[in-house]
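Visitor: Predicted model and sequence below, questions to follow.
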Amino acid sequence: MKGNYSSSFGHLIGSESLLIYTDSDTSSELNISNFFTGESNKWIHIVQTFNGDQITVYKNSQTNNNYKNASGITLTTNLNALYIGNNSGSNYFLDGFMDNVRIYDSVLTTSQIKQNYIAGLNSLLANNNISQEEYNQRLDSLSRND
């Protein structure tokens with residue numbers, strides 16, 4: 001989060017939903033209900049892109065129409081500090097772990113997002129953080145959705 005709840009940019013997780021804020025009002029520009037349902041104690045790869053007009057979210061390198069906002073988003077300037085894992089010490093704290101956070105200065109392609117997801121899966125498997133069975137299931141799911 002960049003700022004606090006009433007004047008912020010970023011992501012909030014609430015009631016298993018992902019809420020994305022892009023300006024200084026108090027309503028989210030994108031609210032994805034049940035985004036985290038059934039994902040307790042699992043590694044999730046999340047990517048958000050912004051093409052200058054529209055936000056698209058990818059979960060485990062997959063997106064759908066529910067993961068996109070209506071077009072017409074305009075970012076405004078925010079000089080607040082960037083917080084990762086909370087929003088300026090307010091009520092929202094990540095209950096879990098973050099690893100390998102990246103911020104790019106350009107929009108990633110779908111192919112780049114998938115490559116990063118597979119690289120993350122390879123690392124998890126190599127470090128025994130997921131089983132070979134889960135690894136195969138995730139790759140199979142990825143190939144079925146191409």
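Guide: Yep, it's here.

Visitor: Rounded mean pLDDT for the strand ranked longest in the chain, please.
Guide: Secondary structure of the chain read by DSSP state E shows that its longest strand is strand 7-14. Per-region confidence: strand 7-14 scores 71 on mean pLDDT.

Visitor: got the contact list for stretch 15-24?
Guide: 1, 3, 6-13, 28-37, 46, 48, 50, 55, 57, 69, 73-76, 78 (CB atoms under 8 Å, 6 or more residues apart in numbering). In this view, the C-beta of every residue, glycine as well, is placed from N, C-alpha and C.

Visitor: Show me where this structure has its helices.
Guide: Assigned helices in the chain, in chain order: 110-126, 132-144 (criterion: DSSP state H).

Visitor: What residues sit buried inside the first one?
Guide: For helix 110-126, a neighbour-count test (16 or more other CB atoms under 10 Å) marks 113, 114, 116, 117, 118, 120, 121, 124, 125 as buried.

Visitor: for the second one, what are its contacts?
Guide: Under the criterion of CB under 8 Å, 6+ apart, the contact list for residue 114 reads 61, 142.

Visitor: again, only using 10 Å
Guide: Listed by CB atoms under 10 Å, 6 or more residues apart in numbering, the contact partners of residue 114 are 45, 47, 58, 60, 61, 62, 108, 142, 145, 146.
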